[in-house]
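Novice: this one's sequence-less:
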């Protein structure tokens, strides 16, 4: 009986290591505020990684496609049920994550004889009536990181998702240095691409980099990855007349980004 707690701790540690290895190669995701709302950006080769959840809520995810789809459908069902039973204005990303999605992930992670979710998720919510936008990262074990509470004096204007902790930390360092308020969409796209590239370089090379990549390394890697992958980007637009604010960016909107890095 004395050994049982230690077996549980060991099993949890093994499970965490397994999940981290499974999602380590995931393509990074960058979300940031710009003058017209929120931009969500990534590069991919096969599967969709950015999704609409509800009128003012979107989601990006890294991990197993089946688990990402389960979480996407769960989030859509939660938001739709809340909107139907109460009202669309009552749908809250924080309530949805804190009281439903996070507990479900935590329960699956700690049931050591069942399958955990192999996924790391980023949710973004456009603040109503000009209020602050929300960024929430929910990990496979149910832990939540946010860009601040509604009462915080200091709030970040961006969030990132990486396959590894080092990749995410590198992207956050990059944005902390280069992000500025009031970016137009073109500038936000260029910054998101550079941030993605900085995170990708951690996966390719130094696992614990001490410095941000130089401009030459960024340019070379940017060109290589744009040739090998496709851009997936969407926005939640703050200045639209309809309740639904999610919109995938068109080839025309992405062309300056692609041509500028050709």
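Specialist: Now that the structure is in, tell me what you want to look at. Being a predicted model, the structure only gives us computed values, none of them experimental.

Novice: wait, is residue 255 part of a strand?
Specialist: No - assigned with DSSP: H, G, I helix; E, B strand; the rest coil, residue 255 falls outside any strand and is helix.

Novice: what's near enough to touch residue 104?
Specialist: 74, 142 (CB atoms under 8 Å, 6 or more residues apart in numbering). Placement of C-beta: from N, CA and C, glycine included.

Novice: check which helix or strand it maps to.
Specialist: Using DSSP states H and E, residue 104 sits in helix 102-110.

Novice: now that helix: average pLDDT?
Specialist: Average pLDDT, helix 102-110: 95.

Novice: same deal with stretch 242-249?
Specialist: On average, stretch 242-249 scores 92.

Novice: what sits up against that stretch?
Specialist: 37, 50, 52, 55-56, 58, 88, 126, 189, 233-238.

Novice: now residue 63: how far from residue 80?
Specialist: 23 Å (CB to CB, to the nearest Å).

Novice: ok, residue 117 next?
Specialist: 21 Å.

Novice: quick one: which of the two has more around it?
Specialist: Taking neighbours as other CB atoms under 10 Å, residue 117 and residue 80 compare with residue 117 leading, 26 against 14.

Novice: surely the more buried one touches residue 107?
Specialist: No - using CB atoms under 8 Å, residue 117 is not in contact with residue 107; the gap is 10.1 Å.

Novice: which stretches of the stretch 151-262 of the chain form strands?
Specialist: 158-161, 230-237, 246-248 (DSSP state E, counting those that start in this stretch).

Novice: can you say which of those strands is packed in most?
Specialist: Mean neighbour count (mean count of other CB atoms under 10 Å) peaks for strand 158-161 among the strands of the stretch 151-262 of the chain, with a mean of 27.

Novice: what's it in contact with?
Specialist: So strand 158-161 is in contact with 26, 28-33, 60-62, 120-122, 124, 135-137, 147, 168, 171-172, 175, 179, 195, 199, going by CB under 8 Å, 6+ apart.

Novice: residue ranges with poor pLDDT in the stretch 51-200 of the chain?
Specialist: 130, 148-155 (pLDDT under 70).

Novice: show me the contacts of strand 158-161 that map onto strands.
Specialist: Taking DSSP state E as the definition of strands, the contacts of strand 158-161 contribute 29-33, 60-62, 120-122, 124, 135-137.
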